[in-house]
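# Quick one: sequence and predicted model below, then my questions.
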Amino acid sequence: MAAETWESSIAITRVQKNLIVTMQPDLDSRQFHQLSERLGEQVEKEKTLAVILDFSTVDLLSFTEFERIRSLLLSLNLLGSEVAIASLCTTIVVYLAEAEVVPSEIHFFISLDDAIKFFVKR
């Protein structure tokens, strides 16, 4: 498992042909845009099987932030990777369920371990 820290707060870890991105609660628009570009390049170049966003450090998520994340994941899916979100806190899960904004292309997992097991077995 190789980890690289990028922009000092964004950790991207490769597990076999999967990328795990540790999301941070203080990610600004510029950092998010850079992350999006970086992930798109990696997925295209390295034929990544899945991209998993780990939200274990995030307690709040606005609708606008979720829309950016959803767009990022859908673009990575169009580039050929499966996409997933892991470790959402209960508050965010309830908010997303009530807003009915969860696309079927995105896999959701209770824990990062569950997500890794799912994609590594494929």
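That came through, no problem.
# Every contact and neighbour count from this point should use C-alpha atoms.
Fine.
# contacting residues for the residue most central in space within the chain?
Nearest to the geometric centre of the chain sits Leu53, at 2.2 Å (Cα atoms, centre = their mean). Applying Cα atoms under 8 Å, 6 or more residues apart in numbering, we find Leu53 in contact with Ile20, Val21, Thr22, Met23, Ala84, Ile85, Ala86.
# Kindly recompute the last result at 6 Å.
Ile20, Val21, Ile85 (Cα atoms under 6 Å, 6 or more residues apart in numbering).
# Pretty sure Leu49 is one of the things the first one touches, is it not?
To tie it back to what came earlier, the one meant is Ile20. No. Look at Ile20 against Leu49 with Cα atoms under 6 Å: they stay out of range, at 11.2 Å.
# Which of the two has more residues huddled nearby?
Ile20 (22 against 18; other Cα atoms under 10 Å).
# who are the neighbours in contact with the more buried one?
Neighbouring residues of Ile20 by Cα under 6 Å, 6+ apart: Ile12, Thr13, Val51, Ile52, Leu53.
# how close does it sit to Phe55?
Separation of Ile20 from Phe55 (Cα to Cα, to the nearest Å) stands at 11 Å.
# can you check Val93 too?
Where Phe55 is concerned, Val93 sits at a distance of 11 Å (Cα to Cα).
# again, but for Leu78
22 Å.
# same deal with Lys117?
Per Cα to Cα, Lys117 is found 17 Å from Phe55.
# of those two, who's got more company?
The neighbour comparison of Lys117 against Phe55 (other Cα under 10 Å) goes to Phe55, with 21 against 10.
# My guess is the more buried one contacts Leu88. True?
Yes. Taking Cα under 6 Å as the definition, Phe55 is a contact partner of Leu88 at 5.4 Å.
# Can you list the strands that the helix or strand encompassing the residue nearest to the centre of the chain pairs with?
Assigned by DSSP states H and E, Leu53 falls within strand 50-54. Using DSSP bridges, the strands paired with strand 50-54 are strand 18-22 (parallel), strand 82-86 (parallel).
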